[in-house]
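> Please work out how this folds:
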Amino acid sequence: MSRTHRRSRQRVGALPHARRRQWGSERTRVPLPTVHTPPSAATLVWARVAIIVTVVAWAAYILTTIVRQLRVYGPDDYLLTVEAWIYAAVVTFLTLSALMYLVAREGALGRFRRHRRAARAELDQHFLTGHGDGLTVLVPSYAEEPSVIRKTLWSAALQEYPDLRVVLLLDDPPSPSDPAERARLAATRALAAGIHADLEGPRSLFSESLLTFEHELLTTGRVGQDAVRRVHAAYVEAVRWLREMADTEPHEDHVDTFFIDQVIRGLADDLELTARALDAALIAERTPEPERLLGLHRRLVRIFTADMAVFERKAYASLSHEPNKAMNLNAYIGLMGGRYRAERTPQGVHLRLVSGAAEADLVVPNAEYLLTLDADSLLLRDYCLRLVHFLEQPGNERVAVTQTPYSSFRGAPTRIERLAGATTDLQHILHQGMTAHGATFWVGANAVIRMEALDDILEIESTSGFEVRRYVQDRTVIEDTESSIDLTQRGWTLVNYPERLSYSATPPDFGSLVVQRRRWANGGLLILPKFLAQVRARRRTETPVRLAEWLLRVNYMASLAWASVGLVFLLAFPFDSALLSPLVVLAALPYFLSQASDLRTTGYRRRDIFRIYGFNLILLPVNLAGVLKSVEQALTGRKIPFARTPKVRDRTATQLLYVVSPWAILVFSVVTAWWNASAQNWGTAAFAGFNSVCAAWAIVENIGVRNSIVDVWLGLTNWMWVPVAAGGSGTTPTGEDFDWEAALYHGYPAVGDRASARTTPPRLETETSALPTPIDSGLR
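A predicted model of the protein is given here:
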């Protein structure tokens with residue numbers, strides 16, 4: 001391994017210190033199997049029985065309780081009648097969400113049972129020759145730590161794919177004033193060049209070995225044992241290089257463990273198996289087919305070859321600077337396939353498209369496929385290979401997006417990160433099941449996308465005289481969800497590949513979790529009308545939306561809204577005890593039992609189902625806030641700013657509302673339980689008591705009493721502090737704000753012309769004395 005290779009890793013380093021491990025956190029760091037264990041026939045049968053029991057129990061409840069009570073109340077008791085209808089609606093919508101979990105789960109189990117993994121030889125044969133315009137990996141990043149981005153870029157660079165280009169879309173302010181931010185930005189900008197330099201040694205070695213083999217094959221038409229020895233030696237060297245890299249990697253947390261063991265050493269183990277097979281062939285004095293040896297040589301070259309680049313859209317005034325991930329992606333995708341000249345103007349640098357042989361300052365290659373990858377996500381070694389192979393199978397020509405919904409990194413050091421990881425792994429199963437019913441949604445953390453499909457949903461508009469291209473919608477902060485509807489509207493489909501090939505970080509504390517979940521809860525209601533319009537349009541076509549797809553998509557976009565509102569009603573409203581029935585519990589029981597079983601299957605404990613219930617209970621205000629933000633955007637038409645999930649080593653403070661609300665839910669549940677127990681309303685008292693226990697457990701485990709006190713104090717005292725302006729107190733404008741280049745370019749601004757406001761010079765105290773007199777200027 002070169003000295004440059006070793007130094008580049010030490011220079012970036014990791015964050016200052018690892019997070020302290022909590023009691024009750026996860027100990028094992030071994031990830032779940034890449035290929036799902038095929039479920040037994042009995043498991044599939046019980047999954048279908050769960051669906052039937054849920055539907056039958058709900059129908060029985062409506063008929064035996066609601067309908068009966070409506071007859072008892074009669075038309076004269078208006079308030080009790082309305083109460084019965086509201087309670088029936090709440091139970092129905094909550095049961096629908098539970099039913100959709102069971103339907104998706106049954107679909108996922110069927111897919112896992114039918115899945116057959118493509119053999120290595122089949123993949124090698126498919127990618128033996130050149131492959132179109134290649135694949136571009138886009139890694140959007142904003143204010144991420146260089147050590148986090150570096151792991152992501154390495155996992156992308158080591159993908160085995162012909163003509164691979166990895167681009168870091170760096171969206172940080174290009175000229176920060178804070179020294180720490182400047183240092184971080186400089187380190188981030190150097191990542192791509194550092195990785196490219198590290199790969200240069202093995203790439204050159206294996207490229208030379210490939211040329212030697214191709215020359216021998218071309219001149220002699222055959223290969224012998226010497227050719228096998230050379231390819232064997234190449235694989236041994238690749239294994240040595242990767243293991244030396246793994247041994248010198250910084251190792252501070254569970255994500256580092258995954259990167260070292262699964263990304264680097266996992267690739268080394270894969271190549272070592274090939275080396276052992278070649279060694280066995282040499283011992284047996286057997287020679288593989290020349291075409292097979294050629295594929296083995298090319299495999300090494302592809303693994304260690306990647307075109308690395310960094311692109312900053314904020315360096316160009318002609319590109320959109322809207323603060324969201326979607327427009328960061330759109331800015332680069334809109335440039336692909338073009339050659340541009342950088343033209344400096346008073347507004348900044350503009351990119352002008354040039355044609356022919358004209359000199360260009362920026363060349364952006366085109367690509368047949370795009371891979372969008374979040375800066376805190378990691379890919380296993382054959383992600384690109386397997387997903388593109390799937391896209392190019394007969395019958396998949398209209399698949400626009402394929403992905404593996406991300407799984408969590410195991411070994412979380414905090415209880416809340418472990419629990420958030422559990423919900424992530426459950427969501428992986430649900431997304432796989434949604435594909436079984438044609439209801440796949442693009443999950444933005446990672447996805448392979450056909451460029452042809454993105455061109456189909458392209459929207460072009462003009463802003464300030466510049467063309468703005470929107471491939472990915474940015475109307476909401478869940479841009480991938482709306483783009484999924486756009487793609488299906490134009491006849492494309494989306495598919496979740498039934499393996500675990502991608503992993504992403506989960507929030508390690510309650511403050512960062514609040515930011516993430518509030519963003520997730522915002523936007524679904526805004527996208528729902530677009531899907532319903534699509535349903536109406538497809539009703540009279542040959543491909544109408546099926547009932548299962550309709551229900552799953554509506555549930556995905558709107559369930560957080562109705563579930564949050566429904567839980568508020570159940571917690572706060574004193575419903576008539578006559579509306580309670582054991583049938584409601586029976587309808588919910590298959591959902592909880594199935595989820596407990598899934599938790600056990602994914603390496604958690606069955607009793608974690610109660611932790612997740614309490615977890616969702618204390619997140620109720622967060623989900624409601626996200627829903628209300630959607631309503632606000634619908635009424636005002638203003639986009640909601642994209643809120644990045646904070647990633648810090650210590651802890652993110654929680655906003656006052658979201659740290660007080662869980663305690664308010666706990667107190668209210670305790671009072672409700674006591675009140676109803678006093679009134680001998682035992683059903684409501686039991687429900688409120690159960691909520692009290694789960695909420696208290698969730699608060700203590702996931703927020704903490706001490707952290708609650710600290711965050712409340714910060715929330716109450718934050719108003720006392722004001723930011724200090726750079727360079728001293730006050731914000732008195734100075735002559736430094738005057739843009740002399742813009743003044744020469746625009747001339748004197750017209751009244752009301754805000755775009756040229758900075759061309760007006762600051763007013764001087766004695767204006768006449770500041771100007772030269774005719775004598776001073778030499779005039780007579």
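
> How many neighbouring residues does the residue nearest to R517 when sequence neighbours are not counted have?
Closest residue in space to R517, ignoring its immediate chain neighbours: V622 at 5.0 Å, by C-beta to C-beta, 6 or more residues apart in numbering. In this view, the C-beta of every residue, glycine as well, is placed from N, C-alpha and C. By other C-beta atoms under 10 Å, 28 other residues sit near V622.

> Could you list which residues are in contact with V622?
514, 517-518, 521, 658 (C-beta atoms under 8 Å, 6 or more residues apart in numbering).

> roughly how far apart are it and Q473?
24 Å (C-beta to C-beta, to the nearest Å).

> Over to the residue nearest to R517: give its phi and psi.
phi -70, psi -50 (degrees, to the nearest 10).

> Would you point out which residue is most central in the chain?
Nearest residue to the geometric centre of the chain (C-alpha atoms, centre = their mean): A445, 2.6 Å.

> how far away is it from T541?
The gap separating A445 from T541 is 32 Å, by C-beta to C-beta.

> Next: D253.
In terms of C-beta to C-beta, D253 sits 51 Å off from T541.

> nearest to I264, of the contacts of V622?
R517 (32.3 Å; C-beta to C-beta).

> Report how many residues lie close to the closest one.
22.

> what do you get for R546?
R546: 12 neighbours (other C-beta under 10 Å).

> re earlier: ok, D253 and T541, which is more surrounded?
D253 (22 against 9).

> Now for I527: which residues touch it?
Counted by C-beta under 8 Å, 6+ apart, I527 has contacts 476, 478, 481-482, 485, 557.

> Turn these into TSV, including pLDDT, secondary structure and neighbour count.
TSV is the format used below for those (pLDDT from 0 to 100; DSSP: H, G, I helix; E, B strand; the rest coil; neighbours: other C-beta atoms under 10 Å):
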residue	pLDDT	secondary structure	neighbour count
T476	80	coil	24
I478	81	coil	27
T481	91	helix	24
E482	91	helix	25
I485	95	helix	20
M557	94	helix	24
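
> Distance to S708 added to those residues, as a markdown table?
Below are these laid out as a markdown table (distance: C-beta to C-beta, whole Å):
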| residue | distance to S708 |
| --- | --- |
| T476 | 31 |
| I478 | 29 |
| T481 | 33 |
| E482 | 36 |
| I485 | 40 |
| M557 | 33 |
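
> Which parts of the stretch 351-500 of the chain are helices?
383-391, 415-436, 451-456, 479-489 (DSSP state H, counting those that start in this stretch).

> repeat for the stretch 651-780 of the chain
656-678, 682-698, 705-717, 740-746, 767-770.

> most tightly surrounded among those?
helix 682-698 (a mean of 19; mean count of other C-beta atoms under 10 Å).

> Let's see that helix as CSV, backbone CA atoms only.
C-alpha atoms of helix 682-698 as CSV (Å, rounded to 0.1, in the frame of the first residue of the first chain):
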residue,chain,number,x,y,z
TRP,A,682,-62.6,-0.2,33.5
GLY,A,683,-62.0,-0.5,29.7
THR,A,684,-61.0,3.1,29.3
ALA,A,685,-59.0,3.0,32.6
ALA,A,686,-57.0,0.0,31.3
PHE,A,687,-56.3,1.7,28.0
ALA,A,688,-55.1,4.9,29.7
GLY,A,689,-53.1,2.9,32.2
PHE,A,690,-51.4,1.0,29.4
ASN,A,691,-50.6,4.3,27.6
SER,A,692,-49.2,5.7,30.9
VAL,A,693,-46.8,2.8,31.4
CYS,A,694,-45.6,2.8,27.7
ALA,A,695,-45.2,6.6,27.6
ALA,A,696,-43.3,6.6,30.9
TRP,A,697,-41.0,3.8,29.7
ALA,A,698,-40.4,5.6,26.3
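
> Who are the packing partners of it?
Judged by 3 or more C-beta pairs under 8 Å, 6 or more residues apart in numbering; DSSP states H and E, the packing partners of helix 682-698 are helix 547-572, helix 608-618, helix 656-678.

> Which of the ones you listed sits closest to G637?
So among the helices and strands packed on helix 682-698, helix 547-572 is nearest, using C-beta to C-beta, at 19.5 Å.

> Next SSE downstream of the top helix by length along the chain?
When the chain is parsed with DSSP state H, its longest helix is helix 78-114. Next in sequence after helix 78-114, counting helices and strands by DSSP states H and E, comes helix 120-126.

> got the buried residues for that next one?
For helix 120-126, the neighbour count (16 or more other C-beta atoms under 10 Å) marks 123-124 as buried.

> can you tell me the average pLDDT over the next helix or strand after that helix?
Sequence order places strand 135-141 as the next helix or strand after helix 120-126, per DSSP H and E. Strand 135-141 shows a mean pLDDT of 97.

> Tell me the gap between strand 135-141 and the middle of its chain.
Taking C-alpha atoms, centre = their mean, to the nearest Å, one finds the center of strand 135-141 at 13 Å from the center of the full chain.

> Could you check the angle it makes with helix 383-391?
Inter-element angle recorded for strand 135-141 and helix 383-391: 130 degrees (by axes from the mean of the first three to the mean of the last three C-alpha atoms, to 10 degrees).

> Show me what strand 135-141 is packed against.
Using 3+ C-beta pairs under 8 Å, 6+ apart, the elements in contact with strand 135-141 are helix 146-157, strand 164-170, helix 325-333, strand 369-373.

> and it, which strands flank it?
Counting by DSSP bridges, the strands paired with strand 135-141 are strand 164-170 (parallel), strand 369-373 (parallel).

> What is the burial count for T212?
13.

> Quick one: name whatever helix or strand follows the helix or strand hosting it.
Assigned by DSSP H and E, T212 belongs to helix 191-220. Under the assignment DSSP H and E, the closest C-terminal helix or strand after helix 191-220 is helix 225-247.

> Can you show me the CA trace of that following helix as PDB?
Extracted in PDB, the C-alpha atoms of helix 225-247 (Å, rounded to 0.1, in the frame of the first residue of the first chain):
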ATOM      1  CA  GLN A 225      -1.100 -22.200 -16.700                       C
ATOM      2  CA  ASP A 226       1.100 -19.000 -16.700                       C
ATOM      3  CA  ALA A 227      -2.000 -16.900 -17.500                       C
ATOM      4  CA  VAL A 228      -3.800 -18.600 -14.600                       C
ATOM      5  CA  ARG A 229      -0.900 -17.900 -12.200                       C
ATOM      6  CA  ARG A 230      -0.900 -14.200 -13.300                       C
ATOM      7  CA  VAL A 231      -4.600 -13.700 -12.600                       C
ATOM      8  CA  HIS A 232      -4.300 -15.600  -9.300                       C
ATOM      9  CA  ALA A 233      -1.400 -13.300  -8.300                       C
ATOM     10  CA  ALA A 234      -3.500 -10.300  -9.200                       C
ATOM     11  CA  TYR A 235      -6.400 -11.400  -7.000                       C
ATOM     12  CA  VAL A 236      -4.000 -12.200  -4.100                       C
ATOM     13  CA  GLU A 237      -2.600  -8.700  -4.400                       C
ATOM     14  CA  ALA A 238      -6.100  -7.200  -4.400                       C
ATOM     15  CA  VAL A 239      -7.000  -9.100  -1.200                       C
ATOM     16  CA  ARG A 240      -3.700  -7.900   0.400                       C
ATOM     17  CA  TRP A 241      -4.400  -4.300  -0.600                       C
ATOM     18  CA  LEU A 242      -8.000  -4.300   0.800                       C
ATOM     19  CA  ARG A 243      -7.000  -6.000   4.100                       C
ATOM     20  CA  GLU A 244      -4.200  -3.500   4.600                       C
ATOM     21  CA  MET A 245      -6.700  -0.700   4.100                       C
ATOM     22  CA  ALA A 246      -9.100  -2.300   6.500                       C
ATOM     23  CA  ASP A 247      -6.300  -2.700   9.200                       C
END
